[in-house]
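Participant: Generate a structure from the sequence data that follows.
(one chain, ligands or ions: 1)
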Amino acid sequence: MEAIEVKDLRKTYGHTNAVDGVTFTVHAGETFGITGRNGAGKTTTAECVIGLRRADGGSVRVLGEDPARRRRALAQRIGAQLQESALPERMKVAEALRAFASFYHRPADWREVMERWGLTSLARKAYGDLSGGQKQRLMLALALVGDPEVVVLDELTTGLDPVARRETWRLVRELKTSGTTVVLVSHYFDETEALCDRLAVLAGGRIRAMGTPAEIIAQTGTSCLEEAYFALEGADR
Ligand SMILES: Nc1ncnc2c1ncn2[C@@H]1O[C@H](COP(=O)(O)OP(=O)(O)OP(=O)(O)O)[C@@H](O)[C@H]1O
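Facilitator: Sure thing, here's the model as predicted:
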């Protein structure tokens, strides 16, 4: 069984075809990227995968289940870090991890997660007092405290400085070695190129290219994913 199967996914907001017939499969243990410019349909696709939005057409299966119908059951097996995730300003790091762990039937040991993601020294700090990088690290830890089989990370490194960004990349690579299936939504082409086994390039709600970063680069005769993207975009004009 594939970890995620999305077939002909469609989602419309008013007159906007946000997602217009998207099909892809994510194998278990793979890091799969969804990339493309602002408004390409990345977040809408990710939200349909985790059951936060109901598709207008097509089908989505995560771990064999339909997330729109089985959201509560799947929530035990999927971790998500979303673009606008935030916590109450005064909530402390350890408190947040303990509270999130309590939502799951079989959570990871939240103290171990706190240690693993370098948050132990911040345990008593309030969320509102953390730096941007520390907040992102906490959000990632919260997405993982339920010991999920699938993790969806949306614009994980936006706003981070280069050091915090590289540190976050290291953490995402660690997830892969632990066998977790990762969906990485990012408009940074260098990030998806560095971290993803395979990826889908979205444009205007459709998949414009899909494959390993090396395949997409080779198809376009370019030398990096960012150039490949511009070559694809140029070809569309
Ligand atoms: N709740 C909504 N109501 C109306 N239109 C929406 C809504 N959410 C998204 N859209 C529109 O759907 C399209 C796809 O948006 P989406 O957020 O999925 O793209 P994205 O690739 O994630 O973009 P970004 O990188 O800017 O987050 C855009 O044209 C956006 O304006």
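Participant: what helix or strand does the closest residue to residue 81 other than its chain neighbours sit in?
Facilitator: In space, and not counting its chain neighbours, residue 81 is closest to residue 143: 4.3 Å by CB to CB, 6 or more residues apart in numbering. Just so you know, the C-beta spots here come from the backbone N, C-alpha and C atoms, and that holds for glycine as well. Using DSSP states H and E, residue 143 sits in helix 132-144.
Participant: So which bits of that helix are buried?
Facilitator: Residues 133-144 are the ones in helix 132-144 that count as buried (16 or more other CB atoms under 10 Å).
Participant: Residue 70: what's it in contact with?
Facilitator: By CB atoms under 8 Å, 6 or more residues apart in numbering, the residues touching residue 70 are residue 51.
Participant: Quickly note the distance from it to the ligand.
Facilitator: Distance from residue 70 to the ligand, counting by CB to the nearest ligand atom, to the nearest Å: 23 Å.
Participant: Pull up the per-residue confidence for that residue.
Facilitator: pLDDT for residue 70: 91.
Participant: what sits against the nearest residue to residue 167 once chain neighbours are set aside?
Facilitator: Nearest non-adjacent residue to residue 167, counting by CB to CB, 6+ apart: residue 133, 7.2 Å away. Contacts for residue 133 (CB under 8 Å, 6+ apart) come out as 160-161, 163-164, 167-168.
Participant: centre of the chain versus stretch 209-227, how much separation?
Facilitator: In terms of CA atoms, centre = their mean, to the nearest Å, the centre of stretch 209-227 is found 21 Å from the chain centre.
Participant: next one: stretch 23-33
Facilitator: Taking mean C-alpha positions (CA atoms, centre = their mean), stretch 23-33 and its chain are 11 Å apart.
Participant: Pull out the buried residues from it.
Facilitator: 24, 26, 30-33.
Participant: ditto for stretch 170-186
Facilitator: Those would be 171-172, 175-176, 180-186, for stretch 170-186 by 16+ other CB under 10 Å.
Participant: ok, now stretch 157-172?
Facilitator: Applying 16+ other CB under 10 Å to stretch 157-172 flags 157, 160, 164-165, 167-169, 171-172 as buried.
Participant: what separates residue 101 from the ligand, distance-wise?
Facilitator: Counting by CB to the nearest ligand atom - residue 101 and the ligand are separated by 29 Å.
Participant: Pull the contacting residues for that residue.
Facilitator: For residue 101, the contact set (CB under 8 Å, 6+ apart) comprises 107-108, 110, 113, 145-146.
Participant: mind running it again at 10 Å?
Facilitator: Shown in contact with residue 101 (CB atoms under 10 Å, 6 or more residues apart in numbering): 107-111, 113, 142, 145-147.
Participant: Ok, residue 2 next?
Facilitator: Counted by CB under 10 Å, 6+ apart, residue 2 has contacts 24-28, 30, 61-64, 181.
Participant: ok, now with 7 Å
Facilitator: 25-27 (CB atoms under 7 Å, 6 or more residues apart in numbering).
Participant: for stretch 36-43, how far is the first residue from the last?
Facilitator: With CA to CA, to the nearest Å as the measure, stretch 36-43 spans 11 Å from end to end.
Participant: pLDDT below threshold where in the chain?
Facilitator: Low-confidence segments of the chain, defined by pLDDT under 70: 84, 236-237.
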